[in-house]
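A.B. asks: Okay, here's the prediction I keep looking at, along with the sequence it came from:
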Amino acid sequence: MANGWLIYSSEDAIENKEYIDWFISEANKQGLYLQLILREELQVGVVQNVYSVLIDEKESTLPNFAVVRTVEPILNKQLEQLGVHVFNSSIISELCNHKSKTYFEMARLGVPMVDTFFINGKNLTEKPPLSNHPFVIKEATGRGGKQVYFIKDNDEWLTFLLKCSPIDYVIQSTKVQIGKDLRVFVVGKEIVGAVLRESNTDFRANFKLGGSANLYQLSEGERALIMSIIKHFDFGMVGIDFLIGLDGELLFNEIEDVVGSRTLSAVSDINIVEKYVSFISKTIKRES
């Protein structure tokens, strides 16, 4: 039986206990042993010039695979260096958890998106980077709709400057349908489902922030666009998010590496965890 680690921070493990139990149960059903490992228990680094991963400062037998549910690409990379198959890979983790890097790669593929600019906070001034309001500025490493700021006028820009940090930001046009987006759930090379998220009270449509959600049927053109992204990457499980243009077209927004499935479970009976575990099992067997 293949042995795996399911890695969470202690705080997220409490919040996601039902999901963790579900994941472990599905793994057992498919002949995989999956153990919850808290990130705070791991010591990852170089010991006596050797890559090392310790649990509570003690050597431990490494698993065959690891499902990393923290945003820390160096952890993924360290486990890979030691021969552990990691879902998602360090390449996906590094790319998807930095918006500037993601947009840069999408532009290479010719995927449509809103006008987007990259800048570090230390280079921001009282003169906004975009003269036309409103616009959105996002921390490049923000997640879940957090660290996103809707700037309606110059006063709001000056207020933002008081709290901004010398970190990477992306600045984007708001020529889209505000408060609406589409999340596409992907496992491997398969589109598992799509959910349209909407909010009447916030410019962000995230389900956890109070938005509503409905299952969405993709058109052939939309599926082709999404598949052009999927074919380019080796995903484990991700969520690909799109904004909705003024004419109803999909405009790329971001790829969620550590994606949850609350919205998909809320609007359908699709068992995405079963599909993900099956994908992991087949991948491990193919490479062993």
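C.D. replies: Noted; the coordinates are in hand.

A.B. asks: all helices for this protein, in order.
C.D. replies: Secondary structure of the chain, counting by DSSP state H: helices at 10-15, 17-29, 73-81, 90-96, 99-109, 154-163, 220-230, 262-267, 272-287.

A.B. asks: so where's this structure uncertain?
C.D. replies: Within the chain, the ranges that satisfy pLDDT under 70 run 201-210.

A.B. asks: before we move on, the earlier item: deepest-packed of the helices of the chain, please.
C.D. replies: Each of the helices of the chain was scored by mean neighbour count; the highest is helix 90-96, a mean of 20, by mean count of other Cβ atoms under 10 Å. (Glycine included, C-beta is placed from N, CA and C.)

A.B. asks: could you list every residue that touches residue 32?
C.D. replies: With contacts defined as Cβ atoms under 8 Å, 6 or more residues apart in numbering, the neighbours of residue 32 are 1-4, 277, 280-281.

A.B. asks: measure the residue nearest to it when sequence neighbours are not counted to residue 39 for me?
C.D. replies: Leaving aside its sequence neighbours, residue 32 sits nearest to residue 2 (Cβ to Cβ, 6 or more residues apart in numbering; 5.3 Å). Note on residue 2: its distance to residue 39, by Cβ to Cβ, to the nearest Å, is 22 Å.

A.B. asks: go on, residue 275?
C.D. replies: According to Cβ to Cβ, residue 275 stands 25 Å off from residue 39.

A.B. asks: Please apply the same query to residue 89.
C.D. replies: The spacing between residue 89 and residue 39, counted by Cβ to Cβ, is 18 Å.

A.B. asks: Please apply the same query to residue 170.
C.D. replies: Distance, residue 170 to residue 39, by Cβ to Cβ: 27 Å.

A.B. asks: Repeat that for residue 178.
C.D. replies: 36 Å.

A.B. asks: just residue 78 next, same as before
C.D. replies: In this view, residue 78 and residue 39 are 12 Å apart by Cβ to Cβ.

A.B. asks: same question, residue 80
C.D. replies: As judged by Cβ to Cβ, residue 80 and residue 39 stand 16 Å apart.

A.B. asks: so how far is residue 3 from the nearest residue to residue 283 once chain neighbours are set aside?
C.D. replies: Closest residue to residue 283 apart from its sequence neighbours, by Cβ to Cβ, 6+ apart: residue 85 at 6.9 Å. Distance, residue 85 to residue 3, by Cβ to Cβ: 11 Å.

A.B. asks: likewise residue 198?
C.D. replies: Going from residue 198 to residue 3 by Cβ to Cβ gives 42 Å.

A.B. asks: Tally up the residues packed near residue 254, please.
C.D. replies: Residues lying near residue 254 (other Cβ atoms under 10 Å) number 24.

A.B. asks: Correction: the previous question concerned residue 241.
C.D. replies: Neighbour count for residue 241, taken as other Cβ under 10 Å: 20.

A.B. asks: Who does it form a beta bridge with?
C.D. replies: Beta-bridge partners of residue 241, counted by DSSP bridges, are residue 183, residue 254.

A.B. asks: for it, what are its contacts?
C.D. replies: Counting by Cβ under 8 Å, 6+ apart, residue 241 has contacts 181-184, 252-256.

A.B. asks: give me every residue that touches the residue nearest to residue 152 when sequence neighbours are not counted.
C.D. replies: Residue nearest to residue 152 in three dimensions, not counting chain neighbours: residue 134, with 4.7 Å by Cβ to Cβ, 6+ apart. Residues near residue 134 by Cβ under 8 Å, 6+ apart: 150-153, 174.

A.B. asks: do the same with residue 66
C.D. replies: Taking Cβ under 8 Å, 6+ apart, one finds 4-7, 79, 84-87 in contact with residue 66.

A.B. asks: now it: how far from residue 260?
C.D. replies: Using Cβ to Cβ, one gets 18 Å for the distance from residue 66 to residue 260.

A.B. asks: ok so, going back, tell me which of residue 170 and residue 39 has more neighbours.
C.D. replies: A side-by-side neighbour count of residue 170 and residue 39, using other Cβ under 10 Å, places residue 170 first with 21 against 18.

A.B. asks: What's opposite that one in the beta bridge?
C.D. replies: residue 118, residue 138.

A.B. asks: Okay, it and residue 198: tell me how far apart.
C.D. replies: Using Cβ to Cβ, we find residue 170 at a distance of 23 Å from residue 198.
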